[in-house]
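**Q** need coordinates for the following:
(one chain, ligands or ions: 1)
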Amino acid sequence: MTGLDGRDGAQGRHGDHAPDRPLDPHLWPSGTVVGPDGAVSIGGVDLRALAAEHGTPAYVLDEADFRRRARSFREAFGAAFAAIGTQVDVYYAGKAFLSTAVARWATEEGLHIDTATGGELAVALRAGVPGARIGLHGNNKSDAEIRRALEAGVGRIVLDSLLEVDRVAGAAAAAGVRAPVMVRVTTGVHAGGHEYISTAHEDQKFGLSIAGGQAQEALEAVLARPELELVGIHSHIGSQILDASGFAVAARRILELRARLAERTGYLVGEVDLGGGYGIAYLPGEVPLDPARVAGPMADAVATVCAELGTPVPRVSIEPGRAVVGPTTVTVYTVGTVKPVLVEDGEEVVGDGSAPGAFTRTYVSVDGGMSDNLRPALYGARYSAALVNREGVAQGVRARVVGKHCESGDVVVHDALLPADVRTGDLLAVPATGAYGRSMASNYNLVPRPPVIAVRDGATRVLVRRETEEDLLALDVG
Ligand code: LLP
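**A** A predicted model of the protein is given here:
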């Protein structure tokens, strides 16, 4: 058996038409091992055995990898910010994927939990996460969500509008508590993908604009309410960020706002949250943003700006979701229909002699699809896939992995290079589905949602069980 790092040869060899093997270690969980027969195991669990026991589709989550990633955020950011004389809290963004077990692992690894709804809050509380280690977000929190957060004694409620200043203050007064709050601001920095743009104004629903003055107004409104304790200023600049320079620009704008507020009111905000968004690799050859590499420059940017402004360095927090859980999970599917389709004028390929300019694309249907991974349909997100029950022939075939839904946009992997003998009954796995896979899953076509199964040291543990048709029917009360 060989670990992913130990396999030699080029990665993602689309050029020579061989299937995507070896498996790129940036995409697959760290506990992935390819056996001599080509079968893949994760966390010591053979995916064939897992599929036989639990069925497919299934999300398979490598617990050790999750813990390692959580730890590496805490350690890298902790060390970088200690070097500038302050502390960092890492909040795991539960929207990426939250279950009670995952909330516990994150807490055991020293992380806090960021929630965005009452549902996420309920899971974190059920997991036994102390209220003080939980944050609550949301651009349209309900009264019940605000009340619940106050009852639980959450460490912070992140205010997203002027209206919410009054609403949370009112709820705190009614509950007889003082609510710790942050104000979410927009810095004009939009990041995601490979570049960022930085403009003054933003046309979106989140946060309060620094440039437009609403951020300052909200901060001062909070200070005027004795029921509220202003603990921080928050900004989240985007998701799937691979160019870290946007963080520093956002940090500068927030720290300047903090200094202006201190000048006007004498109140120096103690904490600044720089949000999440750390990008991961989805395709072979892509390079993720490495927390160990971005932490230092982010800390330096904070220290430099604070020195310029003559203000003390604040406590800092961050909220990674995708980068903690995304690469820890693969979705395992069973192959059903395999159908060659003659395509005219294909962009790429590999003429197969059918006709000039034409080629055959192999449509490989699996037993899930857009109900367990909405990202391709919603964002045009690209993934890869690999055969995991056997080696397959060396010759590759251009394939499109599609789901079972009644919609032609139901694509799982747009352009996969699979062994040419891929066939019904094979197991395919799609890596890097841990973030926003299960959490955005739906019951479209009344397809029950797959389970999340943790693997560790050769053992499996069901974290979220498979939905059944009975579950779906139980909701239909006639
Ligand atoms: N903090 C806040 C306030 C956020 O809005 C988000 C994500 C995060 C943290 C975590 O971001 P991450 O580190 O996971 O990138 N459904 C989309 C992503 C939406 C992200 C929304 N906010 C996707 O599948 O790509």
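**Q** contacts only, for the closest residue to residue 225 other than its chain neighbours.
**A** With sequence-adjacent residues excluded and distances taken as C-beta to C-beta, 6 or more residues apart in numbering, residue 225 is closest to residue 169, at 4.3 Å. Where you see a C-beta, it was placed from the backbone N, CA and C, and this is true even at glycine. Contacts here follow C-beta atoms under 8 Å, 6 or more residues apart in numbering; on that basis residue 169 touches 179, 225, 227-228.
**Q** with residue 230 instead?
**A** By C-beta under 8 Å, 6+ apart, the neighbours of residue 230 are 181-183, 219, 222-223, 267, 269.
**Q** restricted to strands, list these.
**A** The strands, defined by DSSP state E, take in 181-183 from the contacts of residue 230.
**Q** the ligand: which of the residues you listed is nearest?
**A** For these, the closest approach to the ligand (C-beta to the nearest ligand atom) belongs to residue 182, at 10.4 Å.
**Q** circling back to that earlier point, and the two most separated of the contacts of residue 169?
**A** In these, two members sit farther apart than any others by C-beta to C-beta. They are 179 and 225, at 9.0 Å.
**Q** and the residue nearest to residue 141 when sequence neighbours are not counted, how many neighbours?
**A** Spatial nearest neighbour of residue 141, excluding adjacent residues (C-beta to C-beta, 6+ apart): residue 164 at 6.8 Å. For residue 164, the tally of surrounding residues (other C-beta atoms under 10 Å) stands at 24.
**Q** again with residue 170
**A** The tally of other residues near residue 170 (other C-beta under 10 Å) stands at 14.
**Q** show me the contacts for it.
**A** residue 227.
**Q** if I look at it, how far off is residue 147?
**A** Computed as C-beta to C-beta, to the nearest Å, the residue 170 to residue 147 distance reads 11 Å.
**Q** sorry, back to before: filter the ones in strands among the contacts of residue 230 down to the buried ones and hand me the ChimeraX line.
**A** Applying 16 or more other C-beta atoms under 10 Å to the ones in strands among the contacts of residue 230, the buried members can be selected in ChimeraX as follows:
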select :181,182,183
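**Q** which one of the ones in strands among the contacts of residue 230 sits closest to residue 462?
**A** Set against residue 462, the nearest of the ones in strands among the contacts of residue 230 by C-beta to C-beta is residue 182 (35.7 Å).
**Q** wait, the closest one touches residue 233, no?
**A** Yes. With contacts defined as C-beta atoms under 8 Å, residue 182 counts as touching residue 233 at a distance of 6.4 Å.
**Q** any residues in contact with both of those two?
**A** When contacts are counted by C-beta under 8 Å, 6+ apart, the set common to residue 182 and residue 233 consists of 271, 273.
**Q** look at residue 320 and tell me its secondary structure.
**A** Each residue gets one of three states, and residue 320 gets coil by DSSP: H, G, I helix; E, B strand; the rest coil.
**Q** what's the answer for the one 3 residues further on, then?
**A** Of the three states, residue 323 takes helix under three-state DSSP.
**Q** wait, it touches residue 281, no?
**A** No. Taking C-beta under 8 Å as the definition, residue 323 is not a contact partner of residue 281, at 10.3 Å.
**Q** and the protein, what are its domains?
**A** In terms of domains, the chain is parsed into 2-55+326-475, 64-320 (source: automatic domain parsing).
**Q** tell me who's in contact with the closest residue to the ligand within the stretch 351-478 of the chain.
**A** Using C-beta to the nearest ligand atom, residue 436 is the residue of the stretch 351-478 of the chain that sits closest to the ligand, at 3.2 Å. Contacts for residue 436 were tallied using C-beta under 8 Å, 6+ apart; they are 95-97, 322, 326, 374-375.
**Q** closest to the ligand out of these?
**A** Looking across these and measuring by C-beta to the nearest ligand atom, the closest to the ligand is residue 322, at 3.5 Å.
**Q** quick one: that closest one from residue 262, how far?
**A** Applying C-beta to C-beta, the value for residue 322 to residue 262 is 34 Å.
**Q** quick one, what contacts the most centrally placed residue in the chain?
**A** To find the centre residue of the chain, average its C-alpha atoms and take the closest one (C-alpha atoms, centre = their mean): that gives residue 322, at 2.1 Å. Remark: with contacts taken as C-beta under 8 Å, 6+ apart, residue 322 is in contact with 93, 96, 239-240, 276-280, 435-436.
**Q** do residue 238 as well
**A** For residue 238, the contact set (C-beta under 8 Å, 6+ apart) comprises 189-192, 196, 246, 277.
**Q** parallel or antiparallel, which strands does the strand ranked longest in the chain pair with?
**A** Ranked by residue count, the top strand of the chain under DSSP E comes out as strand 329-344. In the sheet containing strand 329-344, the strands it pairs with under DSSP bridges are strand 58-62 (antiparallel), strand 358-366 (antiparallel), strand 427-431 (antiparallel).
**Q** buried ones in that strand?
**A** With the criterion 16+ other C-beta under 10 Å, strand 329-344 contains buried residues 329-336, 338, 343.
**Q** equivalent analysis for stretch 25-36, please.
**A** Of all the residues in stretch 25-36, those buried under the rule 16+ other C-beta under 10 Å are 25-34.
**Q** can I get the CA coordinates of that stretch in PDB?
**A** The C-alpha trace of stretch 25-36 is given here as PDB (Å, rounded to 0.1, in the frame of the first residue of the first chain):
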ATOM      1  CA  PRO A  25      -2.800  14.800  -2.300                       C
ATOM      2  CA  HIS A  26      -4.200  18.400  -2.300                       C
ATOM      3  CA  LEU A  27      -7.600  17.000  -3.300                       C
ATOM      4  CA  TRP A  28      -7.900  13.800  -1.300                       C
ATOM      5  CA  PRO A  29      -8.100  13.400   2.500                       C
ATOM      6  CA  SER A  30      -4.700  12.900   4.100                       C
ATOM      7  CA  GLY A  31      -5.600   9.300   5.100                       C
ATOM      8  CA  THR A  32      -6.200   8.200   1.500                       C
ATOM      9  CA  VAL A  33      -4.200   5.200   0.400                       C
ATOM     10  CA  VAL A  34      -4.300   3.400  -2.900                       C
ATOM     11  CA  GLY A  35      -3.900  -0.400  -2.500                       C
ATOM     12  CA  PRO A  36      -1.900  -2.600  -4.900                       C
END
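**Q** contacts for that stretch, please.
**A** With C-beta under 8 Å, 6+ apart, stretch 25-36 has contacts from 1-5, 7, 21-23, 40-44, 46, 61-62, 64-65, 68, 280-284, 286-288, 327-330, 384, 431-432, 455-456.
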